[in-house]
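Q: A structural model of the following input is requested.
(2 chains)
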Number of protein chains: 2
Amino acid sequence: MKCKVTFYPAMKEVEVPAGTLLKEAIDLAGLDFDFPCGGRGKCGKCRVRVVKGRMEPSEADKTHLDEKEIADGLRLACAAAVEEDVGVELLEVRGHKILIATTERRIDLDPHVQKHCLKAPPPTLEDQRPDWNRLQAVLEEAGGSKDLRISLRALRALPEALRAGGFTCTAVTAGEEVMGIEKGDTTSTLLGIAFDIGTTTVVGYLLDLLTGKVLAVASALNPQTKYGADVISRITYATQEKDGLERLHRAVIEVLNELIEKAASEAKCRKEDVYAASVVGNSCMHHLFLGLNPKHIALSPYVPVTGMEQVVAASELGIEINEAGVIYVLPNIAGFVGADTVGVILATEMDKSEEIKLAIDIGTNGEIVLGTKDRLLACSAAAGPAFEGAQISCGMRGTKGAIDHVEFGEEFSYTTIDGERPKGICGSGLIDAVAGMLKVGIIDYRGRILPPEALVGTPAESFASRVVEQDGGRAFLLAAEDEAADGRPLYITQQDVRELQLAKGAIATGVAVLLDRYGIAPEDVSEVLLAGAFGNYLDRHSACAIGLIPSVLEDRVRPVGNAAGTGAITALLSKGEYRRAARIAASVEYVELGSYPRFMELFGASMSFPTAAPAKA
Amino acid sequence: MKCKVTFYPAMKEVEVPAGTLLKEAIDLAGLDFDFPCGGRGKCGKCRVRVVKGRMEPSEADKTHLDEKEIADGLRLACAAAVEEDVGVELLEVRGHKILIATTERRIDLDPHVQKHCLKAPPPTLEDQRPDWNRLQAVLEEAGGSKDLRISLRALRALPEALRAGGFTCTAVTAGEEVMGIEKGDTTSTLLGIAFDIGTTTVVGYLLDLLTGKVLAVASALNPQTKYGADVISRITYATQEKDGLERLHRAVIEVLNELIEKAASEAKCRKEDVYAASVVGNSCMHHLFLGLNPKHIALSPYVPVTGMEQVVAASELGIEINEAGVIYVLPNIAGFVGADTVGVILATEMDKSEEIKLAIDIGTNGEIVLGTKDRLLACSAAAGPAFEGAQISCGMRGTKGAIDHVEFGEEFSYTTIDGERPKGICGSGLIDAVAGMLKVGIIDYRGRILPPEALVGTPAESFASRVVEQDGGRAFLLAAEDEAADGRPLYITQQDVRELQLAKGAIATGVAVLLDRYGIAPEDVSEVLLAGAFGNYLDRHSACAIGLIPSVLEDRVRPVGNAAGTGAITALLSKGEYRRAARIAASVEYVELGSYPRFMELFGASMSFPTAAPAKA
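A: Numbering: from 1, shown residues only, chains lettered A, B, ... in the order given. Take a look at the predicted model:
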């Protein structure tokens, strides 16, 4: 028996014999999905959610997932067998270090660009109407606006397209304008591409605008990285180097063109059939994409050039889709709360929620949104790069060989990405490690690593030998020289703990300020949505243990994948959703942390770890 | 005493001492006005109309003008003395062989582009609105639309313009879009340029959009001439030569850019202050300007690509006004009735007339319009180039040395342009000559030049010696070898008369077809409007004598100058007038002469001359 497997959100379909492992079906579909332990059922990372049909839980599922997760349809792809037609949501696509949205939403397809096949009567001496007047009359009969205009480009193509197709042609419209003319009936093909421009990674989702299906996903490193790793250094480059802005602008345009090429080639499509694109990114990425000077984002009072949606001709920016193509850029909220956050709100529908939700997009700048359909607050917390492994003695990005998970069980243990020998530690591993050290008591609530002798007779006694004194102070041994990939031991130093405290303290302060401004307590929040790659890999228990997220909310944490990208897709598939993005940007109340009255007080409180209540001095 | 002289339609003003000749005032104003006889009061050509104040008629006026003309305010500029503040309309500006409109109309200034000076509050930590949101709020307060957009170009200029001007800036808007941002308050300057693209001559009128004044007029030969003298040869070039269309397109864009440069330099203005342009031209010029393939204009059923108004970014066409500038192209009516005819109707307001009017724009193609506000008919008559001197044995354009006026008085006499020795004959001279030959009886109503012996005893007897037999047949001597500029005698040959018959017959047929279709007789027409250069120089009595215009209408003929150009000016100064142009193009009923049922019959009747009723054979 053949079974059909549909993968969301990519909407790819494959048929496999009953009994096939989902892992093999994923391979067959050509999807880029990561099996960290090589598919041996050991790491518990290759999670998927069954959204259509049934799949029996495997032994690996029972080991790595709890009952609620299994009941929610979660499975490990490496061990689950397909026995009937199923729909499966891929929760992590890690090969490119990108995430596809984890939530599926029904969107009413109503794309910005549309196609209309038109049959016009040929001209005669009795009917000498000009080509465009003739076509407009047919369009009007078909329900088009009387005020429909035509672009010069389309007008130039019109006479030959009409005659080559025997006076049947396809008009491509955007709003009140005919932007393109194709000969014959081409209404069966209409593509778009949604871009999520991250500071580090740029992703493009090639979409069939007629079905809403994702045809291909392409990603690449943001080439602006060579001019500066974070937004502040890029703004500095843009404003202080000669042609800096132009160089950064060209760099992102070029990489988007590469993604278009890649995605079109993967999906076996023609770039000329792509008539629309949407773009999200943080305010700085947004500005550099549009060639807007980001200078004032970085200078008090930190204002971006625009907080409105912007529609731009692809040709004006040199984006190599159809030369008549149009780009729909989502709006920013503030200098440090950009269109990516609008995308997150759009995708998670926080702006429609009756219940109070909290969304956190953790990165160098953590964007935080809190509220309901009636009121949404947002802020940006300068977490610094600790979560990305920077400024941590053995820190690294979440790539091969990074310690990504740590456990203080009977023994100290860890896993690494791809199961390689450890090269360093990434953000999720660091949070696990510090959470574990807190739990067993190696660190006190102030963040101090205790001396080995202080651990005697405590639950930490068995790990005491890992605490060493170094030049710069105390440190905790993660991997000895014989374990580590390059033969040098890996430590978490006192300084590393301080960096993490600063980073988590910044996010926690942001959350605290928004709760304070909203006038609610943490427990009033019904759900915590973790957006972005990091939020997805993060162990929610550890995150709560170090106080990154209020502990009372531990069971309400839900990773939502690349919600910003999903927002871009949503806004491309539906004019109404794009308008909603504009309304979101206009209505979200931005809170400037630095000038918030209780900021210092809340920041002080957020720096400590929440393990124990501080004893009064 | 100083007197102020205002020249219309250029709206230039100069002050001169009382007693100054108008000729000197024209020189002082730097206007390009032609004095064919050198200002000696001999040719009677330098006509002006006094529209404000009074000027005594001079002796020269009494010689060259009739009483009604003098009563109507007509004067010869070479002889009229300024004795008080006057307003004077220049009826001919001939240096560049262009004509400025002879009718003055009040237009409600409401240009397509507008400027708004905006003072925004600077951003603070308490008011972090993005630059564009901030500005939009001020625009909205000032009555701007809520849906106002901003172009990417303007957005890029915004942050620096705002800050350089202390948050006072000037927004340049076109419709719902902010197209430009200038720092500080620049609302005192806003320019536009109206183009009339003729097959032979291209004219640009630089306008102050805030006052409606013409600041400068520049003209040049249409450089497309080197690819073909008439529209058909250009269409052939565009469709059959490699890159032919592109070459013709670039040629006209380049000459328009030269006109912008010239006009701006003459008026001491900056090209960047020119934010809008309008364009009229025949359908072929219209297509070549926009880069549209004119192929199907020349092929049955002769349809243009568009009959709608078209708004195009200046940057898309490479027109070097402000890079954000917008071009408003007037619509065509049909393949051979173009935007220039729409301009004529717009300028003469035929579409508002209660009485039936007939407009004729004589050229290689004569465009004819007939009707009232309730119904307008138009056609194009293929007159051929005879009126422009081509295909006439000694024919030439209306330039220096051309015989432009002929009289059969007691003796045969003629004048030439600029009073030089005759080099040939131009259209107006040819019509005069043939009309005179008809009057005295040298030619019969069929167009046959009679043999000298047949003239004995008739009024033509004294001219009989000028009729000679040549190789190709009979001919009439205009200028003997000792008079002619290059020592070769100038004749009007039998063949020349036939060419003129064809040309005038084509126009007359067009008029007859429109009258027939309208169901009226010639005498029902209240006014005949002669548009364009040729129409202005034409002697209306001669035109009626040869049957170019129905004789009953001789007293109702009025030259209206370059009405097409005036139409372009009008459409640039007022959005409402531009919309009116669109309504005109949509409502005028185009009559295809070739397929008109009674065409052959009417054409046959129009070929003969009307001098005498034909004797029944």
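Q: Kindly report the residues of the stretch 1-150 of chain A close to chain B.
A: Contact residues (CB under 8 Å from any CB of the partner chain) of the stretch 1-150 of chain A with chain B: A:123-134, A:136, A:149-150. Just so you know, the C-beta spots here come from the backbone N, C-alpha and C atoms, and that holds for glycine as well.
Q: Okay, and which of those map to strands?
A: Of the residues of the stretch 1-150 of chain A next to chain B, the ones assigned to strands by DSSP state E are A:Arg149, A:Ile150.
Q: quick one: which of the residues of the stretch 1-150 of chain A next to chain B is nearest to B:Gly175?
A: Among those, A:Arg149 lies closest to B:Gly175 (CB to CB), at 11.2 Å.
Q: close enough to count as contact, that closest one and A:Ala174?
A: No. Taking contacts as CB atoms under 8 Å, A:Arg149 lies outside contact range of A:Ala174: 10.5 Å.
Q: More neighbours: the two, which one.
A: A:Ala174 (22 against 19; other CB atoms under 10 Å in any protein chain shown).
Q: what ranges of the stretch 501-617 of chain A fall below the confidence cut-off?
A: Scanning the stretch 501-617 of chain A with the threshold set as pLDDT under 70 gives A:611-617.
Q: how about the helices of it, start to end?
A: Shown for the stretch 501-617 of chain A, the helices assigned by DSSP state H, counting those that start in this stretch span residues A:532-537, A:540-545, A:563-573, A:575-587, A:599-607.
Q: Could you export the first one as PDB, CA atoms only?
A: In PDB, the C-alpha atoms belonging to helix A:532-537 read as follows (Å, rounded to 0.1, in the frame of the first residue of the first chain):
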ATOM      1  CA  GLY A 532      13.500  32.400  15.800                       C
ATOM      2  CA  ALA A 533      16.100  29.700  15.700                       C
ATOM      3  CA  PHE A 534      17.500  30.200  19.100                       C
ATOM      4  CA  GLY A 535      14.100  30.100  20.700                       C
ATOM      5  CA  ASN A 536      13.400  26.800  19.100                       C
ATOM      6  CA  TYR A 537      16.600  25.000  20.300                       C
END
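Q: which helices and strands sit right next to it?
A: Secondary-structure packing of helix A:532-537 (3 or more CB pairs under 8 Å, 6 or more residues apart in numbering or on different chains; DSSP states H and E): strand A:357-361, helix A:427-440.
Q: Now with 10 Å, please.
A: strand A:357-361, strand A:365-371, helix A:427-440, strand A:527-531, strand A:557-559, helix A:563-573 (3 or more CB pairs under 10 Å, 6 or more residues apart in numbering or on different chains; DSSP states H and E).
Q: distance between the first one and the chain's centre?
A: To tie it back to what came earlier, the one meant is strand A:357-361. Computed by CA atoms, centre = their mean, to the nearest Å, the chain-centroid distance of strand A:357-361 equals 13 Å.
Q: Now a PyMOL select for only the buried ones of the residues of the stretch 1-150 of chain A next to chain B.
A: Those of the residues of the stretch 1-150 of chain A next to chain B that count as buried under 16 or more other CB atoms under 10 Å in any protein chain shown are selected in PyMOL with:
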select buried, chain A and resi 123+128+129+130+131+132+133+134+136+149+150
